[in-house]
Structure formats: C-alpha cells, structure tokens
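[1] The following comprises the amino acid sequence and a computationally predicted model.
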Amino acid sequence: MAHDMGGMAGFGDINIEAHEPVLTGVASLLVEKELISRQELMSQVEGRYPLAQVAATMVADNKAETTQARFAIGDKVRVRDIHPDGHTRVPRYVRGHLGEVIHLAPRFSFPDASAHGLPFRKESTYHVLFNAADLWTDSADNNEGVVVDLWETYLESAP
C-alpha cells in the first residue's frame with residue numbers, strides 16, 4: 001500500500017509510518033465488520049498486513065429500551081465497577097463511587113451496544129455529581145465537585 005501511495009501524484013512526501021495506526025485501525029474494522037475478508041485485504045496489499053486484535057465481544061444483555069427514567073434528581077447512585085474489554089463510556093475514575101443525580105438528560109443511544117454490534121437502543125442519561133475529594137483524595141478540596149454524564153446501565157441505586 002505504501003508503495004502505491006508513494007507513486008501517486010501529491011503523495012510522494014507523506015510519511016506512511018506516521019499513518020500506520022490509522023490504516024491498521026481502518027483495515028481491522030473493515031475485516032471485523034465483514035465489509036471485506038482478510039483474504040481480500042491481503043490480496044490488495046500483496047502479502048501480510050498487521051491487524052489490530054479484535055477488541056472484545058460483548059454478549060447481548062437483552063435489555064429492552066425503556067421510556068421511564070429509573071432515577072430522579074436527588075437520587076444517590078453508585079457507578080457500577082465494571083471493567084469490560086473494549087469500548088465503554090464510563091470513566092474509570094468514577095467506577096465504584098457514589099454520586100447524586102443532579103439532572104435528567106435526554107435519552108440517547110447507548111454507545112457500548114453500538115460499538116459491539118448489539119441492537120440499537122436508547123437509554124436515559126444523567127448528570128451525576130461526585131465529590132472531587134472522593135475521586136482524587138490527594139488533589140481536591142472537599143467543596144469541589146465533578147459532574148459526569150452517564151447512561152443508566154452504568155448506575156445502580158445507592159443507600
């Protein structure tokens with residue numbers, strides 16, 4: 001592929017090595033999503049092409065789309081302490097921590113399902129306030145807060 005691009009008008013001075021992570025990612029997604037086969041890719045690049053490891057497979061959780069929000073403003077919630085392989089939008093620094101719902105945001109598509117090819121579904125999303133000192137004990141004051149937007153799947157009721 002690099003030799004093909006080098007011969008194209010205007011591409012002679014591109015540093016292909018700098019673009020390898022992007023090219024590898026795109027090629028890997030094309031194969032993973034079965035838009036092309038590994039064999040088709042290899043025939044186009046005249047040999048072996050390094051593909052990224054398939055991120056992870058997420059089994060269907062069979063959650064149905066709901067229209068009712070499970071939590072309300074003022075509810076205490078705990079962020080589920082999950083560590084899935086592959087994509088998730090729940091930040092590690094809030095996993096397992098207690099927070100308070102301060103705003104019910106619009107329902108939005110659940111990105112973890114989309115990233116793993118599961119059926120599209122919308123979920124309630126929440127703005128959750130955390131005490132910064134609970135998240136970063138050494139570098140935050142007690143009167144500082146952090147607000148994180150989280151999907152309902154990431155939250156559980158807290159006492």
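    On my side now, so go ahead.
[2] Mind jotting down where the helices sit in this structure?
    Listed in chain order, the helices of the chain (DSSP state H) span residues 2-6, 16-32, 38-44, 111-115, 132-135.
[3] closest to Arg78 out of the ones you listed?
    In terms of Cβ to Cβ, the element of the helices of the chain nearest to Arg78 is helix 132-135, at 11.5 Å. For the C-beta atoms, the positions are set from N, CA and C on the backbone; glycine is no exception.
[4] hang on, the earlier thing: to Gly74, which of the helices of the chain lies closest?
    Nearest to Gly74, of the helices of the chain and by Cβ to Cβ, is helix 132-135 at 18.0 Å.
[5] picking up where we left off before, got TSV for the helices of the chain, with mean neighbour count, mean pLDDT and distance to Gly86 too?
    Formatted as TSV, the helices of the chain follow (neighbours: other Cβ atoms under 10 Å; pLDDT from 0 to 100; distance: least, Cβ to Cβ, whole Å):
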stretch	mean neighbour count	mean pLDDT	distance to Gly86
helix 2-6	12	43	29
helix 16-32	13	71	11
helix 38-44	12	79	20
helix 111-115	16	78	7
helix 132-135	16	92	24
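[6] now Asp81: how far from Gly96?
    With distances taken as Cβ to Cβ, to the nearest Å, Asp81 is found 4 Å from Gly96.
[7] do the same with Asp149
    Using Cβ to Cβ, Asp149 is found at 18 Å from Gly96.
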